[in-house]
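>>> Following is a predicted model, sequence given first.
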Amino acid sequence: MKTPLILASSSPFRQSILKKLMLPFMSFSPDIDERAREDESAEQLVARLSELKAQASIKKYQKGIVIGSDQVALFDGEILGKPYNKENAVKQLSLFSNNRVTFLTGLTVFDIQSGKTLTNVVPFHVYFRKLTQMQINNYCDAEAPYNCAGSFKSEGLGICLFDKLEGEDPNTLIGLPLIQLTKMLLEFGVDVLAEQSSQ
């Protein structure tokens, strides 16, 4: 690639997903205020934050195609943050038992030089099994998902919490919708499969 690809995230999960595209990329940690604004919908929040993360790249780089992503969990119309501790994780998972949770992922691709910006919001639905308190406690102790929206790691033991998953791309749940991303990169002249011959 002539223009560097940059991931606006320090998340090891997002980095490992992006590696699936087999393109070289750099990453950095965008330092932005992630608080929701008054009267801001979940869709508006993740779209705005993914854009802010991508555009934070101009402080560090002169050129590049930048990928920004942000995710929230929605349950019963409420935006759920990361639990940060076991007590909150147990509360969240107890609420989710036998219910559906929707994850919204904001995805932005931004060209530093031209300023061109594309943003999409990708939904994904998770249907939870009926869970016992023992199962929830054991899961939290085993995987400590306290820094994850929704209090689980779907790429790990968290898969045992679910009845079914519904959405166009399972990568969305881990925080980076690759199907949507590859479509958006084409708009910036980056054809992932065509790039493989030049690696």
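Nice, I can see it.
>>> OK, contacts around the closest residue to residue 128 other than its chain neighbours?
Once flanking residues are discounted, residue 128 sits nearest to residue 96: 4.4 Å by Cβ to Cβ, 6 or more residues apart in numbering. All C-beta spots, glycine's among them, are computed from the backbone N, C-alpha and C. With contact taken as Cβ atoms under 8 Å, 6 or more residues apart in numbering, residue 96 is in contact with 75, 126, 128, 131, 150-151, 161.
>>> could these go into a markdown table alongside neighbour count, distance to residue 189 and secondary structure?
Shown next, in a markdown table, are those (neighbours: other Cβ atoms under 10 Å; distance: Cβ to Cβ, whole Å; DSSP: H, G, I helix; E, B strand; the rest coil):
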| residue | neighbour count | distance to residue 189 | secondary structure |
| --- | --- | --- | --- |
| 75 | 17 | 39 | strand |
| 126 | 24 | 35 | strand |
| 128 | 20 | 41 | strand |
| 131 | 17 | 47 | coil |
| 150 | 27 | 35 | coil |
| 151 | 30 | 39 | coil |
| 161 | 23 | 41 | helix |
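>>> Dump the residues you listed to TSV, plus pLDDT.
As requested, those are exported to TSV (pLDDT from 0 to 100):
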residue	pLDDT
75	93
126	95
128	97
131	98
150	86
151	91
161	96
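>>> quick one: low-confidence parts of the chain?
Applying pLDDT under 70 to the chain flags the ranges 1, 198-199.
>>> Roughly how far does the residue sitting nearest the centre point of it sit from residue 195?
Nearest to the centroid of the C-alpha atoms of the chain, with distances taken as Cα atoms, centre = their mean, sits residue 175, at 2.0 Å. For residue 175, the distance to residue 195 equals 23 Å [Cβ to Cβ, to the nearest Å].
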